[in-house]
Every structure is written in structure tokens, then in C-alpha cells.
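Participant: Predicted model and sequence follow; I will ask about them next.
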Amino acid sequence: MANRRPVIAGNWKMFKTVSEAEDYAVKFLEEVKAVTDLDIILCAPFTALYPLKNELEESIVHLGAQNMASADQGAFTGEISAQMLLDVACTYVIIGHSERRELFGETDEEIAMKVQKALTSGLTPILCVGENLNVREEGKAAERVQGQVSRALSGLSTEDLSRVIVAYEPIWAIGTGKTASSKDAQEMCASIRATLSDLMGLASERVPILYGGSVKADNIAELMTEPDVDGALVGGASLDPIGFSKLIHNANPLVARVEGI
Ligand code: PGA
């Protein structure tokens with residue numbers, strides 16, 4: 001990993017009320033307060049962001065949202081703006097998660113606009129890309145994923161591109177218990193980096209690329225040994241504070257190396 005700081009992000013999806021989120025934060029902070037070697041992000045539902053802002057203040061855990069609008073403000077019923085997220089101390093936002101693409105019809109064009117808005121607003125976008133099973137079986141996974149990356153990011157300056165995180169999440173591995181093998185994850189993360197390199201040259205070496213899809217405490221260390229896998233976006237296994245903190249401790253690349261995994 002070329003001097004890239006690892007990132008572990010939890011994606012709670014549509015889980016946790018305010019009181020559940022507060023309870024989680026107290027337990028979680030206790031477990032991860034000594035972590036210094038990676039960035040931890042909790043991407044919570046909108047209603048939990050403000051209470052989490054208070055709980056996580058001055059802690060090492062960063063706050064993220066799971067979606068946002070590309071518009072600044074206006075008559076967009078049900079939407080949330082970048083300013084609203086900044087106002088509750090969010091610094092990250094997931095953009096283009098496959099559930100947004102598949103269940104809510106988000107297009108590459110909308111995703112590109114959201115990435116751009118996040119960047120101009122000062123949020124770090126976590127851009128999600130990934131192929132479904134059919135595409136993988138047709139042998140077109142790399143083509144699909146590279147297309148998603150370039151459609152979302154082309155036109156951005158190298159400076160802006162340097163502030164993006166990309167998460168490779170094969171749809172067939174999300175919530176299914178089927179993780180991509182670390183070799184498959186590496187292959188795709190390397191091909192994403194090659195696409196980034198076409199867009200931004202050598203600076204692509206600084207962009208964190210995460211893997212997501214059934215990441216657990218017992219498979220993270222192996223994934224992290226791959227040179228282009230810089231961390232993980234974790235759904236189900238981020239819902240329990242003790243389990244998620246275990247995953248974070250296991251993600252420490254130094255531990256993985258010492259144990260020779
Ligand atoms: P999972 O979800 O870890 O439950 O597979 C990952 C994601 O959708 O971000």
C-alpha cells in the first residue's frame with residue numbers, strides 16, 4: 001500500500017433509531033479510542049447524524065451520510081443537501097451505493113453531479129461502484145466497473161480527484177455472505193486504480209480504494225494484505241459496536257503482516 005492510510009467505513013443503511021445510535025457510539029468509542037493507524041467512518045441514517053455529532057465530537061471517529069442531493073437547496077421533497085450534512089459535522093458521504101442505483105434508479109449522470117457537489121461543498125465522497133452477478137458471469141465486470149468510475153469522475157481536476165474515496169462493492173457479495181476472494185478484490189481494485197491513473201496520472205496512487213461486500217472481522221485481515229485494497233465499506237458487520245471494533249482491530253495491516261496472513 002503506497003503510503004495510503006487505511007479507511008474502514010461502516011454503512012448502517014436503514015438501521016438504528018436515535019437512542020440506538022447513541023448507545024452504539026458510547027460502546028464503540030470505548031473499544032476504538034486507542035486506534036491511531038486508520039481512519040474510521042460511521043455512515044448513519046440522516047436522523048442519527050445530529051445526535052452522533054454530539055457523541056463523536058473530539059473523537060477519532062468521523063461521521064458520514066449515505067446519500068445527498070446534487071442541488072444546493074429548493075423544492076426537492078425528501079432530499080438532503082450537502083450544507084445540511086456539513087451542519088451536523090458530516091465530513092464524508094456515500095455516493096452511488098448499488099442500493100441507490102438499483103432500488104432508486106440513480107444514474108451515472110446523477111452520481112457524477114453528486115460527487116461534484118460533495119467536493120465543492122467540502123465533503124469527501126465515497127463513490128461506490130460494482131457489477132452484478134450476470135455481468136461478472138459474462139466476463140464484463142472490469143469493463144462495467146471502469147465505466148462507472150470514469151463516468152462518475154471524468155471532468156474533475158486532479159486536486160478534486162485526490163479527495164475522492166472509491167469503494168468497489170460487487171453486488172453479488174453485498175449482504176449475501178459471499179465475499180469476493182481477496183485475489184478478485186485486488187484485481188478489481190487494481191483495475192480501478194488504472195482507470196484513476198488515466199484520469200489523474202500518478203496521483204492515483206494516493207486515492208484510497210475500499211472493498212465492500214460481506215466484509216467481516218474474520219476476513220478483513222486477508223483482504224487488507226492486498227496491495228490495492230486500502231480498507232473496507234462494511235454493512236451488516238458494522239451494526240454491532242463490539243463486532244465492528246473487532247473488525248477494525250483485525251484490519252490493522254501491521255497485525256496482518258506480523259501474523260503473516
Ligand atoms: P454488507 O454491505 O457488508 O452487509 O455486505 C456492504 C455495503 O452494502 O456497503
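Facilitator: Perfect, thanks for sending it.
Participant: Find out how far stretch 162-176 is from the centre of the chain, if you would.
Facilitator: On the basis of C-alpha atoms, centre = their mean, to the nearest Å, stretch 162-176 is displaced by 7 Å from the centre of the chain it belongs to.
Participant: next one: stretch 229-244
Facilitator: Distance, centroid of stretch 229-244 to centroid of chain: 10 Å (C-alpha atoms, centre = their mean).
Participant: For it, buried residues please.
Facilitator: Using 16 or more other C-beta atoms under 10 Å as the test for burial, stretch 229-244 gives 229-239, 241, 243-244. Every residue, glycine included, has its C-beta placed from N, CA and C.
Participant: Also near the ligand: which of those residues, exactly?
Facilitator: 233, 234, 235, 236, 237 (C-beta under 6 Å from any ligand atom).
Participant: Now tabulate the residues you listed in a markdown table and tack on secondary structure and pLDDT.
Facilitator: As requested, those are exported to a markdown table (DSSP: H, G, I helix; E, B strand; the rest coil; pLDDT from 0 to 100):
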| residue | secondary structure | pLDDT |
| --- | --- | --- |
| 233 | strand | 98 |
| 234 | strand | 98 |
| 235 | coil | 97 |
| 236 | helix | 97 |
| 237 | helix | 98 |
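Participant: and the residue of the chain found nearest the ligand, what is it in contact with?
Facilitator: Nearest residue of the chain to the ligand (C-beta to the nearest ligand atom) works out as residue 235 at 2.3 Å. Residues in contact with residue 235, defined by C-beta atoms under 8 Å, 6 or more residues apart in numbering, are 10, 11, 12, 13, 174, 175, 212.
Participant: per-residue pLDDT, the third one?
Facilitator: The one in question is residue 12. Residue 12 is assigned 98 on the pLDDT scale.
Participant: quick one, phi/psi of it?
Facilitator: phi -80, psi -10 (degrees, to the nearest 10).
Participant: okay but it is in contact with residue 45, surely?
Facilitator: Yes: between residue 12 and residue 45 there is a contact under C-beta atoms under 8 Å: 6.3 Å.
Participant: which parts of the chain sit against the ligand?
Facilitator: So the chain meets the ligand at 11, 169, 174-175, 212-215, 233-237 (C-beta under 6 Å from any ligand atom).
Participant: all strands in the stretch 51-200 of the chain, in order from the N-terminus.
Facilitator: 61-65, 92-95, 124-129, 165-168 (DSSP state E, counting those that start in this stretch).
Participant: Serialize these to a markdown table and add fields for mean pLDDT and mean neighbour count.
Facilitator: Below are these laid out as a markdown table (pLDDT from 0 to 100; neighbours: other C-beta atoms under 10 Å):
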| stretch | mean pLDDT | mean neighbour count |
| --- | --- | --- |
| strand 61-65 | 98 | 22 |
| strand 92-95 | 98 | 26 |
| strand 124-129 | 98 | 26 |
| strand 165-168 | 98 | 27 |
